[in-house]
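*Asks:* sequence plus the predicted model coming up.
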Amino acid sequence: MSCSASMSDQKPARFRIRLAQKEDAAVLAAIYAPYVRNTAVTFEYDPPDAAEFRRRIQAVQGQFPYLVCEENGIPKAYAYASRFHGRAAFQWDAELSVYVAEGAQQQGIGRALYGCLMEFLQEQGYTTLYALITSPNDPSERMHTQLGFQKIAVYPQTGYKLGTWRDMTVWEKRMKPLPENPIPPRKFSTLPIDFVENVLQKAATERNLSR
């Protein structure tokens, strides 16, 4: 399944959100690498290479959406969902992640990608979304608050990165009331292509990324 949507504001399109492909691995790894080397946003120490990134993309796809945002044909950000925990009882939960390239922040890209992820996951049947945020991270916390997430837990000084012990905060968004007899979520790859395209088109028309 493949799809894309151009983003415009009565101007030639500069932004596009599409599904990630294995050929994106190298450029997405390059977006991620500065976060690993220079920040505590991720607790990884060593940036994954393109081969490892390709494996990660393929491991997510099928069950979950994995999206890329391009500017003039060049990937500037990516976002994806994954299992919150591996045990069967957690199967209605999903964890969200987004990374925006240096120089492309504060343009609404992260919110647009998250908006698409949330619509897809709700249609799949997920009930609760989570995000793990290293503290402090004011821009990420502000975005999650605007999107309806609430901070529900703090793991104090749980990770050591860049010479300092770091807190990890847990953010939660309940998508719908919890059903008494939940049906397992469907795979992202089974969603109708028209629905996927409509979600991406809505991101194009409702979110002015070019300002």
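*Replies:* Arrived safely. Numbering: from 1, shown residues only.
*Asks:* from here on, contacts and neighbour counts on C-alpha atoms
*Replies:* Noted.
*Asks:* helices along this structure, start to end?
*Replies:* Secondary structure of the chain (DSSP state H): helices located at 25-38, 50-60, 109-124, 138-146, 193-206.
*Asks:* identify whichever of the ones you listed lies nearest to Met175.
*Replies:* Closest approach to Met175 among these (Cα to Cα): helix 109-124, 6.6 Å.
*Asks:* packing partners of the closest one?
*Replies:* strand 66-71, strand 74-83, strand 93-100, helix 193-206 (3 or more Cα pairs under 8 Å, 6 or more residues apart in numbering; DSSP states H and E).
*Asks:* mind doing that once more with 10 Å?
*Replies:* strand 15-19, strand 66-71, strand 74-83, strand 93-100, strand 128-135, helix 138-146, helix 193-206 (3 or more Cα pairs under 10 Å, 6 or more residues apart in numbering; DSSP states H and E).
*Asks:* to Pro184, which of the helices of the chain lies closest?
*Replies:* helix 109-124 (8.9 Å).
*Asks:* buried ones in that closest one, by neighbour count?
*Replies:* For helix 109-124, the neighbour count (16 or more other Cα atoms under 10 Å) marks 109-118, 120-121, 124 as buried.
*Asks:* who's in contact with Tyr45?
*Replies:* 33, 35-39, 160-162 (Cα atoms under 10 Å, 6 or more residues apart in numbering).
*Asks:* buried ones only from those, please, as a PyMOL command.
*Replies:* To isolate the buried members of those in PyMOL, using 16+ other Cα under 10 Å:
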select buried, resi 33+35+36+37+161
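*Asks:* still on that earlier bit, just send the helices and strands packed on helix 109-124 back as CSV, with mean neighbour count, distance to Tyr45 and mean pLDDT too.
*Replies:* Supplementary listing: the helices and strands packed on helix 109-124 in CSV, determined by neighbours: other Cα atoms under 10 Å; distance: least, Cα to Cα, whole Å; pLDDT from 0 to 100:
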stretch, mean neighbour count, distance to Tyr45, mean pLDDT
strand 15-19, 23, 27, 90
strand 66-71, 23, 23, 93
strand 74-83, 22, 20, 96
strand 93-100, 20, 16, 98
strand 128-135, 22, 14, 98
helix 138-146, 15, 21, 95
helix 193-206, 17, 34, 84
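*Asks:* bridging across strands, which residues link to the residue most central in space within the chain?
*Replies:* For the chain, the residue nearest the mean C-alpha position is Ala79 (2.9 Å; Cα atoms, centre = their mean). With DSSP bridges as the criterion, Ala79 is bridged to Leu67, Val98.
*Asks:* hang on, it packs against Tyr114?
*Replies:* Yes - Ala79 is in contact with Tyr114 according to Cα atoms under 10 Å; the separation is 7.2 Å.
*Asks:* need the overlap of contacts for the two.
*Replies:* Shared contacts of Ala79 and Tyr114 (Cα under 10 Å, 6+ apart): 67, 96-98.
*Asks:* and the pLDDT for Gly108?
*Replies:* Looking at Gly108, its pLDDT stands at 88.
*Asks:* quick check, Ala112 in contact with Gln106.
*Replies:* No - using Cα under 10 Å, Ala112 is not in contact with Gln106, being 11.5 Å away.
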